[in-house]
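[1] here is my input, please return the structure:
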Amino acid sequence: MTTSTATARWPIVRPWLGTLVRLGLATVWLVAGGTKVGDLAGSGRAVNAYRILPYEAATVLGAALPFIELALGVLLVLGLATRLAAGVAAGLLVVFIAGITSAWARGLSIDCGCFGSGGQLGAGESPAYGTEILRDLGFLILAGFLLTWPRTRVSVDGFIAQDPTEEETDEQS
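    Numbers count the residues shown, from 1 in each chain. A predicted model of the protein is given here:
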């Protein structure tokens, strides 16, 4: 395939690829929030295990985080405010990566709490910081894709704009 052929196909492929990216990232947020929403105290303990915030702030943030994650998931499933949702997702992922990196650098032995309870690991358990950081970097790349190309197929944004496949101009980006 020549470069010109690939360039010509990109406007056709990009909205469908964006739809897969959007729904994949939505699934991540829905699973992350869904696994924590039933145990808000546990989510607060997981945030507190990072030893970055005062206890009260960590528990409040931990209790709010599942709802933020679920809201991001719903927005992404619907394709509503996709660029905004991707921006918030990217911001959260940067914070998560920084938190995991900080815990690793300080020698803490915790479960990130990304997809469930979290907190201190038991004796003989080892943290998977490298894997968690790589995973979150992958999710960050997906969020970056949606920040760059938020128009996708089967989305409320596309319905509102009346043309989800229209190539965005530099003025709209």
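[2] now tell me which helix or strand of this structure has the poorest mean pLDDT.
    In the chain, no helix or strand scores lower on mean pLDDT, DSSP states H and E than strand 119-120, which sits at a mean of 86.
[3] state which helix of this structure is the longest.
    Identified as the longest helix of the chain according to DSSP state H is helix 3-36.
[4] after that one, which helix or strand is next? Please name it.
    Downstream of helix 3-36, the first helix or strand assigned by DSSP states H and E is helix 40-48.
[5] which helices and strands sit right next to that next one?
    In terms of contacts (3 or more CB pairs under 8 Å, 6 or more residues apart in numbering; DSSP states H and E), helix 40-48 is packed against helix 3-36, helix 55-78, strand 119-120. For every residue, glycine as well, the C-beta is placed using N, CA and C.
[6] can you list these in JSON lines and add mean neighbour count?
    Shown next, in JSON lines, are the helices and strands packed on helix 40-48 (neighbours: other CB atoms under 10 Å):
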{"stretch": "helix 3-36", "mean neighbour count": "16"}
{"stretch": "helix 55-78", "mean neighbour count": "18"}
{"stretch": "strand 119-120", "mean neighbour count": "14"}
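[7] tabulate the ones you listed in CSV, adding columns for distance to V156.
    Formatted as CSV, the helices and strands packed on helix 40-48 follow (distance: least, CB to CB, whole Å):
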stretch, distance to V156
helix 3-36, 11
helix 55-78, 5
strand 119-120, 37
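[8] three-state assignment of the nearest residue to V94 once chain neighbours are set aside?
    Excluding its sequence neighbours, the residue lying closest to V94 (CB to CB, 6 or more residues apart in numbering) is L140, at 7.0 Å. When classified by DSSP: H, G, I helix; E, B strand; the rest coil, L140 comes out as helix.
[9] measure L140 to A90 for me?
    L140 sits 6 Å away from A90, taking CB to CB, to the nearest Å as the criterion.
[10] next one: G73
    Distance from G73 to A90, by CB to CB: 15 Å.
[11] cool, E125 as well?
    According to CB to CB, E125 stands 30 Å off from A90.
[12] more neighbours: these two, which one.
    A side-by-side neighbour count of E125 and A90, using other CB atoms under 10 Å, places A90 first with 18 against 11.
[13] just confirm the more buried one contacts L147, I think it does.
    Yes: the criterion here is CB atoms under 8 Å, and A90 meets it with L147 at 6.3 Å.
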